[in-house]
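K.L.:
Got a sequence here, can you model it:
(one chain, ligands or ions: 1)
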Amino acid sequence: MRLVIFGRQGAGKGTQSKLLAEYFGVPHISTGDIFRAAISAGTEIGLAAKAIMDRGDLVPDDVLRGIVAERLAQSDAADGWLLDGFPRTPTQADDLDQIADPPLDLAINLEVPEDVVVERISSRRVCKAEGHIYTANDPSARSGICEVDGSAVVQRDDDTESAVRHRLEVYAEQTEPLLARYGESNRLVTVDGAGAVADVAGRVVTGINDGLAR
Ligand code: AMP
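P.N.:
Here you go, the predicted structure:
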């Protein structure tokens, strides 16, 4: 199973991706998580990406191409993968067509209205070690300690209001147009991302099964 998940920031891509990857037994590959890990580790890529990410801008396509090609070549991705946060531009979509062998099966579009996502992002908290996602009222967010791995639970540097608004603009301009491309090749499944996590997950799995059957 080779999947890509699309959705504006705060649509629940990270949460749904983790569930989906487990369900289908494929690695969840989030390019945002890869950059955040690189920043924590202080690598060269991390240092270069930090300022770009904090502004809500996109890291250059050629950097992404190298990272994704390397990650998809790892042994755990041999039988499938779920990409979250890539592709985000037409060039990245071209790159994925070249890198993915066998090719992508389906793109999932998690559809959540803009006013709902702004609200969700402002209350989003993540743990520093593994990126477990919480809302501001969850016990782990209130204590500041992740209940799964014990690391600090914080607000992402790019979840400030101005960066969020900018990221939504960038998504609308650069990424949303890619949906048409996957629609044209009959590889797009659009799912209503509003509501409880488990309900959305059920709709996503149904959508994928329908998408694969057609
Ligand atoms: P995300 O966690 O997917 O929201 O990504 C966080 C940030 O990482 C983005 O706002 C970008 O700055 C950077 N990033 C992640 N994936 C990509 C990508 N495919 N292309 C360019 N920048 C990316």
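
K.L.:
Point out the residues in the chain that sit beside the ligand.
P.N.:
Within the chain, the positions lying close to the ligand (CB under 6 Å from any ligand atom) are 9, 31-32, 35, 52-53, 56-59, 64, 85-86, 88, 92, 158, 167. Just so you know, the C-beta spots here come from the backbone N, C-alpha and C atoms, and that holds for glycine as well.

K.L.:
Can you tell me the element the closest residue to the ligand within the chain falls in?
P.N.:
Closest to the ligand within the chain is Gly32: 2.0 Å, counting by CB to the nearest ligand atom. Element membership of Gly32 [criterion: DSSP states H and E] is helix 31-41.

K.L.:
which residues touch the most centrally placed residue in the chain?
P.N.:
Central residue of the chain (CA atoms, centre = their mean): Asp84, 3.2 Å from the mean position. Neighbouring residues of Asp84 by CB atoms under 8 Å, 6 or more residues apart in numbering: 4-5, 13-14, 17, 28-33.

K.L.:
Give me the phi and psi for Trp81.
P.N.:
Phi and psi for Trp81, reported as degrees, to the nearest 10, are phi -170, psi 160.

K.L.:
now the strands: where do they sit in this protein?
P.N.:
2-6, 28-30, 81-84, 106-111, 124-127, 133-135, 153-154, 188-192 (DSSP state E).

K.L.:
now for these, which one comes closest to Glu173?
P.N.:
Smallest distance to Glu173 across the strands of the chain (CB to CB): 14.2 Å, for strand 2-6.

K.L.:
sorry, back to before: let's have the contacts of Asp84 in CSV, adding neighbour count and pLDDT.
P.N.:
Formatted as CSV, these follow (neighbours: other CB atoms under 10 Å; pLDDT from 0 to 100):
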residue, neighbour count, pLDDT
Val4, 25, 98
Ile5, 27, 98
Lys13, 22, 94
Gly14, 22, 92
Ser17, 24, 96
His28, 21, 97
Ile29, 23, 97
Ser30, 21, 97
Thr31, 21, 97
Gly32, 20, 95
Asp33, 17, 94
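
K.L.:
And those, which is closest to Glu114?
P.N.:
For the contacts of Asp84, the nearest to Glu114 is Lys13 (14.9 Å; CB to CB).

K.L.:
what's near enough to touch the closest one?
P.N.:
5-7, 84-85, 110.

K.L.:
and those, which two are the farthest apart?
P.N.:
Gly85 and Leu110 (12.2 Å).

K.L.:
Ala213: how many residues sit nearby?
P.N.:
The tally of other residues near Ala213 (other CB atoms under 10 Å) stands at 6.
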